[in-house]
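Participant: Need a 3D model of the following:
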Amino acid sequence: MTTSIDDGRGRWKDRPPPARAWKGRPGLSRASRTAEQDRAAGGRGRRLVELGGGRTARASVELKVLPNTRRIRAYLRWSDGGKTTEKYLGEVSDTTRARNLATAWAMAFEQKLLMAAETADGSWASSPSVRTIMRSNRSRDTKPELALRSAAHRLGLRYRVDTTPVKGLRRRADLVFTRAKVAVFSDGCYWHGCPEHYRPARQNSQFWNDKISNNRVRDQDTDVRLADAGWLVIRVWEHEDPGEAAVRIAQAVRGRLQ
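Facilitator: Alright, predicted model coming up:
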């Protein structure tokens, strides 16, 4: 696991998201809407999409709640010769539009849809700290996750993937061993605040620091809730060797089945 940032899966299951989480303020001028996008992206020069032939277009993020859903979906949009292109980025789940826009722009960079434009004050997309953020954006089937699954499978382990260990608990684990009651989380070093590799971002620092702090609290809460339900929680940092981590998981699973 990543986003992260809070992945939001199930956050709005019982109610629609509040308007403040996705709707723009009515009556905003075009200049104000542009400034909102610039702030979320980290600067006007960081909103560029390459069109080919040396041409670029300035993109915007749109947040939508589709009919019959309770999830906020983010899209990247830009125009070329009067034709609008729209790319789906993913779901966002924060409680404010500003934070959801910022998360969506991070997704766009991670998916390599944007140019990492250099600016006089240093591009957040080209800085080492934010490259780490982009690489570690929370999603299913990340490289560390796939490597861990493969290593566990080679040891003869069979498991469920990306599912909720306990019914009614809105937390999903990456590998779930139902008989042994072992839940494994593959944690990105940035999003989950690895003590060895986490380095605070310099751009939008308060936003990112709050995100990481909230993720740490959520992780601790998840561990406690699962332990109270009789589960063993194993967390594997993305920097760990997947083979060694798989051995640790196998020992725990087989030990609980004896």
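
Participant: got the residue ranges for the strands in the stretch 51-200 of the chain?
Facilitator: With DSSP state E, counting those that start in this stretch as the criterion, the stretch 51-200 of the chain has strands at 55-58, 60-65, 72-80, 83-92, 160-163, 173-177, 182-187.

Participant: Adding distance to residue 37 and mean pLDDT as columns, could you present those strands in CSV?
Facilitator: Quick note: C-beta positions are derived from backbone N, CA and C, even for glycine. Output for those, formatted as CSV (distance: least, C-beta to C-beta, whole Å; pLDDT from 0 to 100):
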stretch, distance to residue 37, mean pLDDT
strand 55-58, 9, 91
strand 60-65, 5, 95
strand 72-80, 10, 95
strand 83-92, 14, 93
strand 160-163, 32, 91
strand 173-177, 33, 95
strand 182-187, 31, 96
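
Participant: Out of these, which is closest to residue 193?
Facilitator: strand 182-187 (8.8 Å; C-beta to C-beta).

Participant: mind putting the strands of the stretch 51-200 of the chain in a markdown table, mean neighbour count included?
Facilitator: Output for the strands of the stretch 51-200 of the chain, formatted as a markdown table (neighbours: other C-beta atoms under 10 Å):
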| stretch | mean neighbour count |
| --- | --- |
| strand 55-58 | 14 |
| strand 60-65 | 18 |
| strand 72-80 | 18 |
| strand 83-92 | 16 |
| strand 160-163 | 14 |
| strand 173-177 | 25 |
| strand 182-187 | 26 |
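
Participant: Now these in TSV, please, with extra columns for distance to residue 109.
Facilitator: Formatted as TSV, those follow (distance: least, C-beta to C-beta, whole Å):
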stretch	distance to residue 109
strand 55-58	15
strand 60-65	11
strand 72-80	10
strand 83-92	10
strand 160-163	24
strand 173-177	24
strand 182-187	21
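
Participant: Figure out which of those strands is closest to residue 36.
Facilitator: Per C-beta to C-beta, nearest to residue 36 of these: strand 60-65, 9.3 Å.

Participant: strand partners of that closest one, parallel vs antiparallel please.
Facilitator: Next to strand 60-65 in the sheet, as set by DSSP bridges, lie strand 72-80 (antiparallel).

Participant: where does the strand it pairs with sit relative to the chain's centre, distance-wise?
Facilitator: Computed by C-alpha atoms, centre = their mean, to the nearest Å, the chain-centroid distance of strand 72-80 equals 18 Å.

Participant: Stretch 75-90 now?
Facilitator: With C-alpha atoms, centre = their mean, you get 21 Å for stretch 75-90.

Participant: Quick one: end-to-end length of it, please.
Facilitator: This stretch, stretch 75-90, spans 7 Å end to end (C-alpha to C-alpha, to the nearest Å).

Participant: Not counting that stretch itself, show me its contacts.
Facilitator: Residues external to stretch 75-90 that are found in contact with it (C-beta atoms under 8 Å, 6 or more residues apart in numbering): 49, 51, 55, 57-64, 73-74, 104, 107-108, 111, 113-114, 139.

Participant: No further questions, thank you.
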